[in-house]
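K.L.:
quick one, fold the following:
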Amino acid sequence: MAPFGFEYKGYKGDSWVFERKQKNVVQTIGIYPYRFEPSWITFELYTTARGCMGKQAGDIEGVDWTADLIGYWKYRDEEEFIEVLQQMNELLIKNGLKMLDEMSIEEKETDTDEMYHELYYHHDELCEKFIRKTGIKATGYDEENINHWFDVIEERVAVLKQGDYEDAKEELVEMAAFLGNQLVKYMGGEWYHFKSDYHESCSITGCKSISSGANCLSNLVGGYTKNGMEWVKQIFLKIYWKRRQ
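P.N.:
Residues are numbered from 1 along each chain as shown. The predicted model follows:
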């Protein structure tokens, strides 16, 4: 990807990271192995543009939908590994670069560094605050619980949307803390903090699911601003449906 301005930034977290800067937005390609089978690899795309969701390889037009794991490539030796990387490269050039440019347009109402900072360092207190405020209950991570959570969340969002987004941000962070803590408690996830020269973020990683985690705050803000809470609920249901025993 060097001819397109990307530079290799090293192995960060669980990914080999490649970046380029387009105006004020950093575009990133992260290649990483499947946590349950290292001989399967995939990639994700994300940018520093606020309000833009990251994309998995399976979201890109042209990916092989006949594969055992959609959006993953399997290899057995070094020769096949190189072939897989070449296939990824072709897909990225053909369709991924356009998607990255689309993901680089910032929304006006979006998540901020300050919101992520507060969420990462105070998620336990924020979670308890949301529980006290709403009476929301959690007894496990299953469809019944998830449906209950989003009944409460949708009710609160309806109230928040009667006012300004600036006034809603605090409670959206509380919701993200609650959902994130449930993924940690019941799905084996952990809070992951990311900070660079460009932005700050946090998410849940390492869940016992093919959908191994979620950026709870980004999901909630995306649902609040344009996609709706049913869309957010489906993200968390997908983690449950694709759980690993």
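K.L.:
now the residue nearest to Arg50 when sequence neighbours are not counted: phi and psi?
P.N.:
The shortest distance from Arg50 to any non-neighbouring residue, by C-beta to C-beta, 6 or more residues apart in numbering, is to Thr110 (3.6 Å). Every residue, glycine included, has its C-beta placed from N, CA and C. Main-chain torsions, Thr110, degrees, to the nearest 10: phi -150, psi 170.
K.L.:
any idea how many residues pack against Thr110?
P.N.:
17 (other C-beta atoms under 10 Å).
K.L.:
show me where the protein dips below the pLDDT cut-off.
P.N.:
For the chain, the stretches flagged by pLDDT under 70 are 51, 65-67, 244-245.
K.L.:
any idea how far the residue lying farthest from the centre of it lies from Gln86?
P.N.:
Residue farthest from the centre of the chain, counting by C-alpha atoms, centre = their mean, is Glu79 at 31.4 Å. Distance of Glu79 to Gln86, computed by C-beta to C-beta, to the nearest Å: 11 Å.
K.L.:
ditto for His193
P.N.:
Applying C-beta to C-beta to His193 and Gln86 gives a distance of 34 Å.
K.L.:
just to revisit the earlier point, can you give me the buried ones in whatever helix or strand the residue farthest from the centre of the chain lives in?
P.N.:
Using DSSP states H and E, the element containing Glu79 is helix 78-91. Under the neighbour-count criterion of 16 or more other C-beta atoms under 10 Å, helix 78-91 has 84, 88, 91 buried.
K.L.:
try stretch 207-217
P.N.:
207-217.
K.L.:
just stretch 216-228 next, same as before
P.N.:
Neighbour-count burial for stretch 216-228 [16+ other C-beta under 10 Å]: 216-225.
K.L.:
is it true that Ala49 lies in a helix?
P.N.:
No. Ala49: not assigned to a helix; according to DSSP: H, G, I helix; E, B strand; the rest coil it is coil.
K.L.:
picking up where we left off before, send the alpha carbons of the helix holding Glu79 over as CSV?
P.N.:
Provided in CSV are the C-alpha atoms of helix 78-91 (Å, rounded to 0.1, in the frame of the first residue of the first chain):
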residue,chain,number,x,y,z
GLU,A,78,4.5,-18.9,4.1
GLU,A,79,3.7,-19.2,0.4
GLU,A,80,-0.1,-19.2,1.1
PHE,A,81,0.4,-16.4,3.6
ILE,A,82,1.9,-14.2,0.8
GLU,A,83,-1.0,-15.1,-1.5
VAL,A,84,-3.5,-14.1,1.1
LEU,A,85,-1.9,-10.8,1.6
GLN,A,86,-1.9,-10.2,-2.1
GLN,A,87,-5.6,-11.0,-2.2
MET,A,88,-6.2,-8.5,0.7
ASN,A,89,-4.1,-5.9,-1.1
GLU,A,90,-6.2,-6.2,-4.3
LEU,A,91,-9.4,-5.9,-2.4
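K.L.:
after that helix, which helix or strand is next?
P.N.:
helix 97-102.
K.L.:
tell me which other helices or strands that next one touches.
P.N.:
Judged by 3 or more C-beta pairs under 8 Å, 6 or more residues apart in numbering; DSSP states H and E, helix 97-102 is in contact with strand 25-34, strand 37-47.
K.L.:
quick one: distance of the very next helix or strand once past that helix to the chain centre.
P.N.:
The helix or strand immediately downstream of helix 97-102 is helix 113-134, counting by DSSP H and E. Between the centre of helix 113-134 and the centre of its chain there are 18 Å (C-alpha atoms, centre = their mean, to the nearest Å).
K.L.:
what does helix 113-134 contact?
P.N.:
With contacts defined as C-beta atoms under 8 Å, 6 or more residues apart in numbering, helix 113-134 is touched by 136, 152, 156, 169, 171-178, 180-181, 191, 193, 199-202, 216-217.
K.L.:
let's go with 6 Å and repeat that
P.N.:
152, 169, 173-174, 176-178, 180-181, 193, 199-202, 217 (C-beta atoms under 6 Å, 6 or more residues apart in numbering).
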